[in-house]
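K.L.:
have a look at this prediction, sequence included:
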Amino acid sequence: MARRRASEESPRAWLETARLRARCRVALGEGADALAEERARVRARPGDARAHAELALALTARSPAGFDEALHALARAAALGPGRSEYPYLSGTMLLDDERAAAARPLLERAVELDGRW
């Protein structure tokens, strides 16, 4: 499946597409394969911020048990792509959904600071 380059789509479009892809793979019974593929992408391209973010989405789509590892992967994505707003946004929304508003707030503020369209 061809993936667009980061510069070719908006952060929101990428996020929604990646989330849906991860959820569909789980719904089709391919969650374990999807997770293995995303882990392999991170190993093959450790400097690729999107690979880390897509690993996070695969982790959370498959099981809530992957939450902490997903946050770690998103922190790595944010470090690799400091100008990208989708990584702090995704981390912030995950924390907010986990009822950790105090931890979510600075991440969501950072996302808006980077891209006011959130």
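P.N.:
Received, thanks.
K.L.:
so which residues of this protein form strands?
P.N.:
Under the criterion DSSP state E, the chain carries no strands.
K.L.:
what's in contact with the longest helix seen in the chain?
P.N.:
Longest among the helix segments of the chain by residue count, using DSSP state H, is helix 11-27. For helix 11-27, the surrounding residues in contact (Cβ atoms under 8 Å, 6 or more residues apart in numbering) are 4, 6, 9, 31, 33-34, 50, 53-54, 57-58, 60-62, 84-86, 89-90, 115, 117-118. C-beta coordinates here come from the backbone N, C-alpha and C atoms, glycine included.
K.L.:
please enumerate the helices of this protein.
P.N.:
11-27, 31-44, 49-62, 67-80, 86-97, 101-114.
K.L.:
please name the residues that touch the residue nearest the centre of the chain.
P.N.:
The chain has residue 53 as the residue nearest its centroid, 3.3 Å off, counting by Cα atoms, centre = their mean. The contact partners of residue 53, taken as Cβ under 8 Å, 6+ apart, are 18, 73, 74, 77, 86, 87, 90.
K.L.:
of those residues, which is the nearest to residue 43?
P.N.:
Of all those, residue 73 has the smallest distance to residue 43: 12.4 Å, by Cβ to Cβ.
K.L.:
neighbours of that closest one, how many?
P.N.:
Residues lying near residue 73 (other Cβ atoms under 10 Å) number 27.
K.L.:
quick one: it from residue 29, how far?
P.N.:
Counting by Cβ to Cβ, to the nearest Å, the gap from residue 73 to residue 29 is 23 Å.
K.L.:
then stretch 11-28 to CSV, C-alphas only?
P.N.:
This file holds the C-alpha atoms of stretch 11-28, laid out as CSV (Å, rounded to 0.1, in the frame of the first residue of the first chain):
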residue,chain,number,x,y,z
PRO,A,11,-1.6,16.4,9.8
ARG,A,12,-5.3,15.8,10.4
ALA,A,13,-5.7,13.8,7.2
TRP,A,14,-2.7,11.7,7.9
LEU,A,15,-3.9,11.0,11.5
GLU,A,16,-7.4,10.0,10.5
THR,A,17,-6.1,7.8,7.7
ALA,A,18,-3.5,6.1,9.9
ARG,A,19,-6.1,5.6,12.7
LEU,A,20,-8.6,4.0,10.3
ARG,A,21,-5.9,1.8,8.7
ALA,A,22,-4.9,0.5,12.2
ARG,A,23,-8.5,-0.1,13.3
CYS,A,24,-9.4,-1.9,10.1
ARG,A,25,-6.5,-4.2,10.3
VAL,A,26,-7.5,-5.2,13.9
ALA,A,27,-11.2,-5.6,12.8
LEU,A,28,-10.0,-7.9,10.0
